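Student: My questions are about this predicted structure, shown below with the sequence.
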Amino acid sequence: MNHTEYLDANKERFLNELLDLLRIPSVSADSKYAGDVKKTADFVAEKLKEAGADNVEVCATAGHPIVYGEKIFDANLPTVLVYGHYDVQPADPVELWHSPPFEPVIKQTEEHPEGAIYARGACDDKGQMYMHVKAFESMVKTNSLTCNVKFMIEGEEEVGSANLGTFIKANKEKLKADVVLVSDTSMIANDTPSIDVGLRGLAYMEVELVGPNRDLHSGVYGGAVANPATILCQMIASLHDENNHITIPGFYDDVIVVSDADRTEMAKAPFDLEAYKKDLAIDDVWGEKGYSTVERTSIRPTLEVNGIWGGYIGEGSKTVLPSKANAKISMRLVPGQNSHQISDLFKAHFEKIAPASMKVKVTPHHGGEPVLTPTDSIEFQAASKAMFKTFGKNPIPTRGGGSIPIIALFEAELGIKSLLMGFGLDSDALHSPNEKYGLFNYYKGIETIPYFYQFYAEMKK
């Protein structure tokens, strides 16, 4: 029996195990779910043991634990380090879910006629992480594993992986490998495979404006005292000009501009603008002048408000002039930019544009660096060959719009490149209500990953 036959024979079990995993609300950002996060780590560890991994550990950190396991059977063979995360984003706003976020259901859609799993974490990243566990099991049980394997599955990716760096620095020998294999990205479509060769970095900020020392009566004081909510909106609006270009001085100074030739190659990837707008129920797109929608979400930096609040937001009315207003703002960064430098530029600029009527506080949160991976590497070529084997098409190299800050950390601390071999779709509602993951994608990942190991081992000889 080969690995594909093993997959066919165990499809129902592989699915049911994933559904059990999705039922555990492993929300790393909310302390009330700490017990569930630990329960999820234990679940993953147990499944790694059952799949055939050795030396499986649930490693404590200052935050949520990291699950480690390995299968080392020939020192002369290459070693693949599989990275993934078992934590998930909060499910809010829960009322917008069509079904409870931690009670997975399978529904057919136009995009997923074979069915899709609706649940928080279905695609990001439980479904994609668990593909690797089941692919590993398929190889072990059919004696077809061609590489040594190490697993490092963390529980804090959705809150910035604050303790992963410490773990890696303390375990460099344990984590020694030839490549990091990651499935936490997407591909273009189920009939158009792709591999991300770049990711944007991230600088995440929180701002607070304080005006008067208390909430004021908007009739008595309105028009005479500056309103922090109004001023905050004005300040945020000023961060883009009429061309939607970011106005922070020095923001673009180090951006590595993508060549016209590379932009032409990127434009060959299929993209339906009308379908994109229809999926989002918007009448038009928005963004930096001079760039396409695909370019705006991949090769250009951005600045977005992630949340804004202040004053009275309860039921009915309360005529107050709020004492303070807050916002959370994230900036996606491209190669050449540095998250610490951009955070400093943002802080200096935001403090400078605040009027004298306001006290301003800027707090940097987590960040990460942008990365690029070469398409002429053995890793990319092996993955490309594996995808051709199962999809019948060569994957298109793309750049992802999201950020996985630890990819740059792997390269800096372990000295190895990462391969971003994702099987999700951008339309799978990651971080949003009604997140989903297609059964086709889940099974296709389990089928494809062992071919990567096979071709990688052959090319490394």
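Tutor: On my side now, so go ahead.
Student: what's in contact with the helix or strand of the chain with the lowest mean pLDDT?
Tutor: Averaged element by element with mean pLDDT, DSSP states H and E, the chain has its least confident helix or strand at helix 260-266 (a mean of 85). Here helix 260-266 makes contact (Cβ atoms under 8 Å, 6 or more residues apart in numbering) with 258, 294-295, 298-299, 398-399. C-beta coordinates here come from the backbone N, C-alpha and C atoms, glycine included.
Student: Then residue 110 would be within a helix, right?
Tutor: No. The assignment for residue 110, made by DSSP: H, G, I helix; E, B strand; the rest coil, is coil rather than a helix.
Student: And the contacts of helix 260-266, which is closest to residue 449?
Tutor: Using Cβ to Cβ, residue 398 comes nearest to residue 449 of these, at 19.0 Å.
Student: how about the least confident helix or strand of the chain: buried residues?
Tutor: residue 266 (16 or more other Cβ atoms under 10 Å).
Student: Any buried residues in the helix or strand following that helix, and which?
Tutor: Counting by DSSP states H and E, the element after helix 260-266 in chain order, helix or strand, is helix 273-280. Neighbour counts over helix 273-280 (16+ other Cβ under 10 Å) mark no residue as buried.
Student: mind giving me the domain split of the protein?
Tutor: Annotated domains of the chain cover 3-199+370-460, 201-255+301-368 [automatic domain parsing].
Student: most tightly surrounded among those?
Tutor: Per-stretch averages of neighbours, counted by mean count of other Cβ atoms under 10 Å, single out domain 3-199+370-460 among these, with a mean of 20.
Student: for that one, what is the average pLDDT?
Tutor: Per-residue pLDDT over domain 3-199+370-460 has a mean of 96.
Student: Okay, now that domain: how far is its last residue from its first?
Tutor: 21 Å (Cα to Cα, to the nearest Å).
Student: try stretch 206-225
Tutor: 24 Å.
Student: try stretch 210-227
Tutor: 9 Å.
Student: could you redo the domains of the chain as TSV and give each row distance to residue 265?
Tutor: Output for the domains of the chain, formatted as TSV (distance: least, Cβ to Cβ, whole Å):
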stretch	distance to residue 265
domain 3-199+370-460	8
domain 201-255+301-368	16
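Student: can you tell which of those is closest to residue 274?
Tutor: domain 3-199+370-460 (14.0 Å).
Student: circling back: gap between the least confident helix or strand of the chain and the chain center?
Tutor: On the basis of Cα atoms, centre = their mean, to the nearest Å, helix 260-266 sits 25 Å off its chain's mean C-alpha point.
Student: Of all pairs in the contacts of helix 260-266, which one is the farthest apart?
Tutor: The widest separation within these (Cβ to Cβ) is 12.5 Å, between 258 and 398.
Student: Skipping adjacent residues, who's closest to residue 256 in space?
Tutor: Counting by Cβ to Cβ, 6 or more residues apart in numbering, residue 256 lies nearest to residue 336, which is 3.9 Å off, once chain neighbours are set aside.
Student: so the one you found sits right up against residue 255, yeah?
Tutor: Yes. Residue 336 is within contact range of residue 255, at 5.0 Å (criterion: Cβ atoms under 8 Å).
Student: Now do residue 270, the pLDDT please.
Tutor: The model's pLDDT for residue 270 equals 89.
Student: if I look at it, how far off is residue 276?
Tutor: 11 Å (Cβ to Cβ, to the nearest Å).
Student: C-alpha coordinates for the least confident helix or strand of the chain, CSV please?
Tutor: Output of helix 260-266 as CSV, limited to C-alpha atoms (Å, rounded to 0.1, in the frame of the first residue of the first chain):
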residue,chain,number,x,y,z
ASP,A,260,8.4,45.8,-14.2
ALA,A,261,9.4,42.4,-15.5
ASP,A,262,8.4,40.8,-12.2
ARG,A,263,5.2,42.7,-12.1
THR,A,264,4.4,41.4,-15.6
GLU,A,265,5.0,37.8,-14.4
MET,A,266,2.8,38.4,-11.4
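Student: and residue 216, how far is that from residue 88?
Tutor: For residue 216, the distance to residue 88 - Cβ to Cβ - is 41 Å.
Student: surely residue 177 meets residue 79?
Tutor: Yes. Between residue 177 and residue 79 there is a contact at 4.3 Å, judged by Cβ under 8 Å.
Student: Give me the neighbour count for residue 282.
Tutor: Residues near residue 282, counting by other Cβ atoms under 10 Å, number 10.
Student: Relative to residue 273, how far out is it?
Tutor: 11 Å.
Student: ok, now residue 408?
Tutor: 32 Å.
Student: And the contacts of stretch 304-313?
Tutor: Contacts for stretch 304-313 (Cβ under 8 Å, 6+ apart): 204, 215, 228-229, 232-233, 236, 318, 320-322, 324-332.
Student: Could you tell me which of those belong to helices?
Tutor: 228-229, 232-233, 236 (DSSP state H).
Student: Tell me the one among those residues nearest to residue 221.
Tutor: residue 228 (12.4 Å).
Student: Now do the contacts for the closest one.
Tutor: By Cβ under 8 Å, 6+ apart, the neighbours of residue 228 are 209-211, 310, 322-325, 358.
Student: Format the residues you listed as TSV; extra columns: pLDDT.
Tutor: Listed next are those as TSV, based on pLDDT from 0 to 100:
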residue	pLDDT
209	98
210	98
211	97
310	96
322	97
323	98
324	98
325	98
358	98
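Student: any idea which element the residue nearest to residue 390 when sequence neighbours are not counted lies in?
Tutor: Nearest residue to residue 390 in three dimensions, chain neighbours excluded: residue 448, at 4.5 Å (Cβ to Cβ, 6+ apart). Under the criterion of DSSP H and E, residue 448 resides in helix 439-460.
Student: again, but for residue 19
Tutor: helix 3-22.
Student: which secondary structure elements does that helix contact?
Tutor: Counting contacts by 3 or more Cβ pairs under 8 Å, 6 or more residues apart in numbering; DSSP states H and E, helix 3-22 packs against helix 34-51, strand 116-118, helix 126-141, helix 439-460.
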